[in-house]
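Trainee: Next comes the sequence, and after it the predicted model I'd like to discuss.
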Amino acid sequence: MAEACITVKDLTMTYGDFVIQHDLNFTINRGDVFIIMGGNGCGKTTLLRHMIGLKAPAKGDVCYGEQGLWQADPKARQQILARTGVLFQSGALLSSMTLAENVALPITEATLLPPKKVREIVSYKLALVGLAGFEDYYPSELSGGMQKRAGLARAMALDPEILFFDEPSAGLDPITAKLLDDLILSLSSALSATIVVVTHDLDSIFAIGNNSVFLDAETRTNIDGGPPQKLLHESKHPNVIRFLNRGDQTEQNSSNRQMRSPA
Ligand SMILES: Nc1ncnc2c1ncn2[C@@H]1O[C@H](COP(=O)(O)OP(=O)(O)OP(=O)(O)O)[C@@H](O)[C@H]1O
């Protein structure tokens, strides 16, 4: 039976008086590649920020196992978040540091490992994302796709149980985006990590997601969720159907999407 990894409970998110989403309730299971989806501006990144400890809820909580992230005191919250890694949309590499120094940073901040051991871990993580031999390169010397992969190596530096990705395919050409999707899938099975991806890229959603939540911009809450393929064929919500069919609700579009998607 699926084991709950993260449970979002009655979560309401606001900026000032403006409610972005209210009363969100859903569960991410251990081992999921879980997609947070919805149209532009519906609050996907804001939700991610609530899940990784960057923004406090107006109401409700994000529970890791039994522990509420925002109920926990700051030390316990830090301990929960130490089990997570985040790949931000920009890759968020420090431009003045080499790739090796960027990936080493979280390790030297969190451990007292000797430099030789840190170098070994860094090289291993860079190799995992296909960047073996690029240790001494600076971010500006890499393509956008390589920068994303280096950001991923850094997010994985401390062997997180849970990896968060904010719009991983943003700014990438379709072929590079597909390679990143393949990498996410291979890491998911190799590391048995739980992966949470914020995206509105339909190709990625169908290629990598086994579970999802849909944030509706109109009602400002989660109106549907589950395996994306299942939602495509069985969702009763017009906004979900429209979103998953690129704005089209006809049968023809739906069957085209079915043909393009993996079984
Ligand atoms: N720091 C902030 N202060 C006030 N409003 C904000 C802030 N950040 C985001 N917003 C607003 O909150 C809403 C949700 O933004 P968010 O970036 O979470 O949406 P999103 O679904 O990730 O969007 P996109 O798909 O375009 O990246 C938007 O209306 C945005 O303008």
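Mentor: Nice, thanks for sending it over.

Trainee: List phi and psi for the residue of the stretch 151-263 of the chain found nearest the ligand.
Mentor: As assessed by C-beta to the nearest ligand atom, the ligand sits closest to residue 200 within the stretch 151-263 of the chain, at 5.5 Å. For every residue, glycine as well, the C-beta is placed using N, CA and C. Dihedral pair for residue 200: phi -120, psi 20, per degrees, to the nearest 10.

Trainee: okay but it is in contact with residue 38, surely?
Mentor: Yes. Because the distance of 6.9 Å satisfies C-beta atoms under 8 Å, residue 200 is recorded as touching residue 38.

Trainee: what about the residue of the stretch 151-263 of the chain closest to the ligand, neighbour count?
Mentor: When neighbours are defined as other C-beta atoms under 10 Å, residue 200 has 18 of them.

Trainee: before we move on, what about residue 236?
Mentor: Residues lying near residue 236 (other C-beta under 10 Å) number 9.

Trainee: ok, now residue 170?
Mentor: For residue 170, the neighbour count with other C-beta under 10 Å is 15.

Trainee: The one 10 residues further on too?
Mentor: Counted by other C-beta under 10 Å, the residues lying close to residue 180 total 22.

Trainee: So it sits against residue 144, correct?
Mentor: No. The criterion here is C-beta under 8 Å, and residue 180 misses it with residue 144 at 10.1 Å.

Trainee: shared neighbours of those two, anything?
Mentor: Contact criterion C-beta atoms under 8 Å, 6 or more residues apart in numbering; residues shared by residue 180 and residue 144: residue 172.

Trainee: hmm, who's touching the top helix by length along the chain?
Mentor: Once the chain is assigned using DSSP state H, the helix that runs over the most residues is helix 174-191. For helix 174-191, contacts defined as C-beta under 8 Å, 6+ apart pick out 31, 33, 128-130, 143-145, 148-149, 152, 156, 159, 163, 165, 168-169, 172, 193, 195, 197, 201, 203-204, 207-208.

Trainee: Sweet, I'm off.
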